[in-house]
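Enquirer: sequence plus predicted model, see below.
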Amino acid sequence: MKGVQQYIIENRQRFLDELLEMLRIPSISADAKYKSDVARNAEYVAESLKNSGCSKVEIYPTGGHPIVYGEHTIDPTLPTVLVYGHYDVQPPDPLDLWESPPFEPVIKKTDIHPDGAIFARGSCDDKGQMFMHVKAFEAMIKNNALPCNVKFMIEGEEEIGSTNLGIFCKEYKDMLSCDVVLISDTSVIANDIPSITVGLRGLSYVEVEVTGPNKDLHSGVYGGAVANPVQILCDMIASMKDQQKHITIPGFYDDVVVVSDLERAAMNKAPFDKQKYLKGLGIDATMGEEGYTVLEQTSIRPTLEVNGIWGGYIGEGAKTVLPSKAFAKISMRLVPNQKSDTITALFKKHFEGIAPAGVKVEVRPHHGGEAAVTPSDTAEYKAAAMAMKTSYGKDPIPVRGGGSIPIVALFEKVLNVKTVLMGFGLDSDDIHSPNEHYGLYNFYKGIETIPYFYLYYSELKK
């Protein structure tokens, strides 16, 4: 591996420059006006795979945004690793909270990233982390050091629920055949405390609409007599959690797996400084489900969060209206055994059932996915742990993540393989938020570590 690591050191600046170029592409999958930019980013990924040494690269159109596929087979009898990532990004709103334009990457030093961090939308989620794999692969190819077969599947719809990925996987199941899926779209506990994610929550995402009168009304003439959709929507949402922050939807917890006291105790051994956590967020207290620690609330317990709410007049100055409509987007994070379709149906039935007279309610499901737990006693996990120990100098801690990557369950169902979640970001990197960033240390540490995974995995599979 000496030649591989030396190659990485010698090409650090070029790797960074190429990433910065990709970060300038506003590949926002949720907004149709950026469709051409998403396609342009797919082409950039494809060209990067070709330049890195993939023997086959192709862009596959889907019903939405394209999927980029690449492969390099050195020996069909050797293990095959399928690398998954995504090149689409979240919308950057609200723009006024960005310290620099979201698609004009800049490098700045921070307390957490004294070596500098790349500030740009997609820097951590997931362009920076996906690109580590492309560059690690290139380093191994250029040094004739690749010990196994590698495939890449990089999609452009992860941020909108991977709508067409399941269709693609079923249609091209044979082409995607592999022994393990490797993903870097998660985080480590800290730059000096490596970790590997062994569990993810599922997701149910819905949009709700409350309609009252057939037009906006004068709040003085009609206020007090006609139902106000904004007020009613707020009341309905508020009723969905009790004083203990327990979700009140009937049946919501029926399938929740109860985590043992032993596992909870082990989970809480992970380093966690609550005061530092509060200070970093600019808050003076947490507000989660009673009876659980912050680490448990954000990993092994389901949630219900309002992601956006709007209605009525929100422009400058005053306009005294009683709104005709109100809207909200709501996400529910799910834990093992909870099924996204079931939870979506329970939410819809409950939300429509608590609507008072005077308004009409519509619930529109968006997308969802299932929770996933991966074992830590497999060759795949052990290879990742050995790789991280080699590069970080210490054993990684297995942790459960609070986010959702629905395709992990999809890969197990369709491709019949487990996934290794070997991410290098930090929870403080502001993914999905203004000023998203990714540390240069993390970017280069990922490129350094990934080749060791290939090496150890190939050895363990012999």
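Expert: Received it, and whenever you're ready, just let me know what you need.

Enquirer: in what helix or strand does the residue nearest to Tyr7 when sequence neighbours are not counted lie?
Expert: Nearest residue to Tyr7, sequence neighbours excluded (Cβ to Cβ, 6 or more residues apart in numbering): Ala139, at 4.6 Å. Glycine gets a C-beta too; all of them are placed from N, C-alpha and C. Under the criterion of DSSP states H and E, Ala139 resides in helix 127-142.

Enquirer: show me where the stretch 1-150 of the chain has helices.
Expert: 2-10, 12-23, 35-52, 127-142 (DSSP state H, counting those that start in this stretch).

Enquirer: also the stretch 201-350 of the chain?
Expert: Counting by DSSP H, counting those that start in this stretch, the helices of the stretch 201-350 of the chain are 219-222, 229-238, 261-267, 274-281, 294-297, 340-353.

Enquirer: so which of those helices gets nearest Leu460?
Expert: The closest of these to Leu460 is helix 261-267. By Cβ to Cβ, the value is 24.4 Å.

Enquirer: now the weakest link among the helices of the stretch 201-350 of the chain, please, by mean pLDDT.
Expert: Among the helices of the stretch 201-350 of the chain, helix 261-267 has the lowest mean pLDDT, at a mean of 88.

Enquirer: ok, residues contacting it?
Expert: Val259, Leu295, Glu296, Ser299, Ile300, Val399, Arg400 (Cβ atoms under 8 Å, 6 or more residues apart in numbering).

Enquirer: any chance of the helices of the stretch 201-350 of the chain in CSV, with distance to His246 and mean neighbour count too?
Expert: Conversion of the helices of the stretch 201-350 of the chain to CSV gives the following (distance: least, Cβ to Cβ, whole Å; neighbours: other Cβ atoms under 10 Å):
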stretch, distance to His246, mean neighbour count
helix 219-222, 35, 14
helix 229-238, 14, 18
helix 261-267, 18, 12
helix 274-281, 22, 11
helix 294-297, 12, 17
helix 340-353, 14, 18
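
Enquirer: among the ones you listed, which comes closest to Gly199?
Expert: That would be helix 261-267 among the helices of the stretch 201-350 of the chain, by Cβ to Cβ, at 9.9 Å.

Enquirer: with only the CA atoms kept, save that closest one in CSV.
Expert: Below are the C-alpha coordinates for helix 261-267, written out as CSV (Å, rounded to 0.1, in the frame of the first residue of the first chain):
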residue,chain,number,x,y,z
ASP,A,261,-30.8,-2.4,28.8
LEU,A,262,-27.5,-4.0,28.0
GLU,A,263,-27.4,-2.5,24.5
ARG,A,264,-28.5,0.9,25.7
ALA,A,265,-25.7,0.9,28.3
ALA,A,266,-23.2,0.0,25.6
MET,A,267,-24.6,2.7,23.3
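
Enquirer: follow-up on the earlier one: out of the helices of the stretch 201-350 of the chain, flag the one nearest Leu20.
Expert: Proximity to Leu20, assessed across the helices of the stretch 201-350 of the chain by Cβ to Cβ, is greatest for helix 274-281 (26.2 Å).

Enquirer: what sits up against the closest one?
Expert: Asp284, Ala285, Thr286, Val294, Ser428.

Enquirer: please identify the most buried of the helices of the stretch 1-150 of the chain.
Expert: helix 127-142 (a mean of 25; mean count of other Cβ atoms under 10 Å).

Enquirer: follow-up on the earlier one: mind giving me the packing neighbours of the helix holding Ala139?
Expert: Identification of packing neighbours for helix 127-142 by 3 or more Cβ pairs under 8 Å, 6 or more residues apart in numbering; DSSP states H and E yields helix 2-10, helix 12-23, helix 35-52, strand 80-86, strand 149-155, helix 440-460.
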